[in-house]
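> take this sequence and fold it.
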Amino acid sequence: MSKVTSMHDAISTGVSDGDSIYLAGFTHLIPFAAGHEIIRQEKRDLELIRATPDLIYDQLIAAGCARKATFSWAGNPGVGSLPAFRRAAEDGIPTELELEEYTHFGLIAALDAGASNLPFAPLRGFIGSDLPEHNDNIARVESPFDDDYVYAVAPIQPDVAVIRAQRADDAGNAHLWGIQGEVKIAGLAADTVILSVEERCSEETIRSDPNRTVITSDDVDHVVHDPYGSHPSYAQGYYGRDNEAYIEWAEIASDVDRVEEWLDEWVYGVENRREYVEKLGAERLLDLQPEHSYATPIDMGAYR
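Below you'll find the model as predicted:
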């Protein structure tokens, strides 16, 4: 059964004010188009969850969408900090921002517990850290077998996960290659999953290489065909990272008025991702095109 819809309808149907939402993707396949649609629809009081909040979370916070950030690291990769994130956390501009902080492994363990429907996940990573003093969802647990102890994290089960992949069939079976990050467990942990892809493909294409099928239709509620939906991050094999955009954001986000101007032009001022891409222009997109680098073919074999 086809689950294909527009990003507008997926966000309108799938995301409600007050939801906890995980925009998955690690270095590439970050769902910027979905984040911009959330801003455009003026969703409010969201808990933004992500192991590595970067520009899209800074933009969501600057637009007044967030009440809380649950995270393990926040920054503009390779450039610096997130000015809007800091303004909200330190000065309540444009709204107060509650923080729930983990280590990378701690947050992923919590997400994995949520995906596995477990009451907690144990780990040693917080021994010697002061994070348990500041996070009520991290607790010391005594071993039932000896006098050892570990820490445990409560499960994270987002209301919504938005995940990206390179291609999917209309039912929501998706191929992903390159860095996978936490995409799979975010999809398994969430109640509602919006899948955004660069390319729609046939079921036969998906079946031709099942090892690349990271997300299956059982876990997907909406499929959105959104080329360049990860810009300015990259999609392995489709386009590269727009480093200039990351550098530009550091300057823009340092000034509240410039942030508002940017949002007016690049989010509110375009109707959808297609208009955003057209506004970027062909020359800028051509600069991001990768060279071909094919993996060595394998023979899956066919047995009777």
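> the strands in the stretch 151-300 of the chain, which residues?
Taking DSSP state E, counting those that start in this stretch to define them, one finds strands in the stretch 151-300 of the chain at 160-168, 174-175, 192-200, 213-215, 222-225.
> equivalent analysis for the stretch 1-150 of the chain, please.
Using DSSP E, counting those that start in this stretch, strands in the stretch 1-150 of the chain cover 20-23, 46-50, 66-71, 98-101, 121-123, 138-142, 149-153.
> any idea how far stretch 252-264 is from the chain center?
From the chain centre to the centre of stretch 252-264 is a distance of 22 Å (C-alpha atoms, centre = their mean, to the nearest Å).
> buried set for that stretch?
252-253, 259, 262-263 (16 or more other C-beta atoms under 10 Å). Where you see a C-beta, it was placed from the backbone N, CA and C, and this is true even at glycine.
> now, which of those residues lie within helices?
252, 259, 262-263 (DSSP state H).
> which of those residues sits closest to residue 194?
residue 263 (21.6 Å; C-beta to C-beta).
> now do the same contact list for the residue nearest to that closest one when sequence neighbours are not counted.
Leaving aside its sequence neighbours, residue 263 sits nearest to residue 63 (C-beta to C-beta, 6 or more residues apart in numbering; 5.9 Å). Each residue near residue 63 by C-beta atoms under 8 Å, 6 or more residues apart in numbering is listed here: 39, 42, 94, 263, 267.
> list the residues that contact the first one.
It refers to residue 39. Neighbours of residue 39 in contact, by C-beta under 8 Å, 6+ apart: 59-60, 63, 65, 263, 267-268.
> in PyMOL, how would I select the buried members of those?
One line in PyMOL is enough to select the buried ones among those; burial here means 16+ other C-beta under 10 Å:
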select buried, resi 59+60+63+65+263+267
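> the closest residue to residue 123 other than its chain neighbours: neighbouring residues, count only.
Spatial nearest neighbour of residue 123, excluding adjacent residues (C-beta to C-beta, 6+ apart): residue 109 at 5.1 Å. Applying other C-beta atoms under 10 Å, we find 24 residues neighbouring residue 109.
> if I look at residue 109, how far off is residue 68?
20 Å (C-beta to C-beta, to the nearest Å).
> touching, residue 236 and residue 181? I think so.
No. Contact criterion C-beta atoms under 8 Å: residue 236 and residue 181 do not qualify, at 11.6 Å.
> report pLDDT for residue 159.
Listed pLDDT for residue 159 reads 98.
> excluding chain neighbours, what is closest to it?
Residue 159 sits nearest to residue 19 (C-beta to C-beta, 6+ apart), 4.0 Å away.
> could you pull up the residues touching the one you found?
Each residue near residue 19 by C-beta under 8 Å, 6+ apart is listed here: 43, 46-47, 158-160.
> that one and residue 102: what is the separation?
Taking C-beta to C-beta, one finds residue 19 at 20 Å from residue 102.
> now stretch 98-117: buried residues?
Of the residues in stretch 98-117, those buried (16+ other C-beta under 10 Å) are 100-103, 105-115.
> swap in stretch 232-240?
232-236, 238-240.
> gap between it and the chain center?
Worked out by C-alpha atoms, centre = their mean, stretch 232-240 lies 15 Å from the chain centre.
> my read: residue 187 touches residue 221, true?
No. Residue 187 is beyond contact range of residue 221, at 10.3 Å (criterion: C-beta under 8 Å).
> of these two, which one has the most company?
Just comparing residue 187 and residue 221: by other C-beta under 10 Å the higher neighbour count belongs to residue 187, 27 against 19.
> can you pull the contacts of that one?
Contacts of residue 187 by C-beta under 8 Å, 6+ apart are 24, 161, 163, 193, 195, 215, 219-220.
> and residue 94, what does it touch?
By C-beta under 8 Å, 6+ apart, the neighbours of residue 94 are 62-64, 87-88.
> nothing else from me, thank you.
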